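*Asks:* Coordinates for the following, if possible.
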Amino acid sequence: MLDKSLTAKQRDLVRSSFCRIVFEIDMTVDCFYKRLLEQLPDAWPLLDEEEEFRRKRLLRGFARVVAAMEGAAHAAADLGATVIDLGLDVIHRSRVAAAFLKTVEDVLGTSFTPDIENAWRSALGYPEMQRAAA
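*Replies:* The predicted structure follows:
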């Protein structure tokens, strides 16, 4: 069952930008951990892990978002599993989502558009997180 909160166009934008993220995995890993440390400076111990392990874990996190978008669960729920997989507490979900979003922007560069941003925000459950925080 598809996630009904995303339009077909948004799902296509997430899928196509995910392909770019995978293709640019080294840049993606560097950008994500830089952005994560901006959001959560106490996450420095995560950088002590072997790079290949960090790469696989991050790629698995992005893949979970895309898979959840295609399946019955919403990505916001699966993002909690990703946060725990990253070695963080689930209360940091919105900060991890912000790091994911900034990473997509960094990797796509000038190809990053407001439509892509809105698609990833929806896929990450960003609107729900913002409402819950209000």
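
*Asks:* The longest helix anywhere in the chain - contacts with which helices or strands?
*Replies:* In the chain, assigned by DSSP state H, the helix with the most residues is helix 51-70. With contacts taken as 3 or more CB pairs under 8 Å, 6 or more residues apart in numbering; DSSP states H and E, helix 51-70 sits against helix 8-23, helix 25-39, helix 75-85, helix 93-108, helix 114-124. Every C-beta, even on glycine, is put in place using the N, C-alpha and C of the backbone.

*Asks:* so can I have JSON lines of those showing mean neighbour count?
*Replies:* Formatted as JSON lines, these follow (neighbours: other CB atoms under 10 Å):
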{"stretch": "helix 8-23", "mean neighbour count": "16"}
{"stretch": "helix 25-39", "mean neighbour count": "17"}
{"stretch": "helix 75-85", "mean neighbour count": "19"}
{"stretch": "helix 93-108", "mean neighbour count": "21"}
{"stretch": "helix 114-124", "mean neighbour count": "20"}
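
*Asks:* The ones you listed: lowest mean pLDDT?
*Replies:* Among these, helix 75-85 carries the lowest mean pLDDT, at a mean of 59.

*Asks:* quick check: angle from the longest helix of the chain to helix 8-23?
*Replies:* 170 degrees (axes from the mean of the first three to the mean of the last three CA atoms, to 10 degrees).

*Asks:* Give me the buried positions along helix 51-70.
*Replies:* Neighbour-count burial for helix 51-70 flags Arg54, Arg55, Arg57, Leu58, Leu59, Gly61, Phe62, Arg64, Val65, Val66, Ala68, Met69 (criterion: 16 or more other CB atoms under 10 Å).

*Asks:* Adding distance to Glu50, write the helices and strands packed on helix 51-70 out as JSON lines.
*Replies:* Converted to JSON lines, those look like this (distance: least, CB to CB, whole Å):
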{"stretch": "helix 8-23", "distance to Glu50": "20"}
{"stretch": "helix 25-39", "distance to Glu50": "12"}
{"stretch": "helix 75-85", "distance to Glu50": "15"}
{"stretch": "helix 93-108", "distance to Glu50": "20"}
{"stretch": "helix 114-124", "distance to Glu50": "27"}
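
*Asks:* No more questions from me, cheers.
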